[in-house]
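> Let's see this in three dimensions:
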Amino acid sequence: MKATGIVRKFDENGRFVIPIEVRRMLDLDNPGDAMEVFLDGESIVLKKYSPSCIFCGNASDVVVYRDKRVCGECLRKLGAMASDADLV
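Next up, the predicted model:
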């Protein structure tokens, strides 16, 4: 983990601002960008959200099929399974 030396305090509503330098490093300066929140022991880990495949978790080559995100590889496997099922 890389230390930034940046410290932010929470406001009265429990919010804090992620500094613009950090948002720019992660390419998070567009409206609608999102972060995932993870807990690791006593640490809170924020990760840039990227939608991933519902089957394997791969975040590249993802398409939406019937409101579900599926990567190209899993889509090909599903297609092969469907072709095999047609033969039975």
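> quick one: Met35 and Ser50 touch, right?
No. Counting by Cβ atoms under 8 Å, Met35 stays clear of Ser50, with 10.6 Å between them. All C-beta atoms are positioned from the backbone trio N, CA, C, and that covers glycine.
> and Asp33, that one's in a helix?
No. Counting by DSSP: H, G, I helix; E, B strand; the rest coil, Asp33 is not found in a helix; it is coil.
> what sits against it?
Counting by Cβ atoms under 8 Å, 6 or more residues apart in numbering, Asp33 touches 27, 48-49.
> Tell me which of those residues fall in strands.
In strands, judged by DSSP state E, the following of these are found: Lys48.
> closest to Arg8 among the contacts of Asp33?
Proximity of the contacts of Asp33 to Arg8 (Cβ to Cβ) peaks at Lys48, which lies at 18.0 Å.
> residues of the longest helix along the chain that come out buried?
Criterion DSSP state H: the longest helix present in the chain is helix 72-87. Neighbour counts using 16 or more other Cβ atoms under 10 Å place 74-75 of helix 72-87 among the buried residues.
> Fine by me, we can end here.
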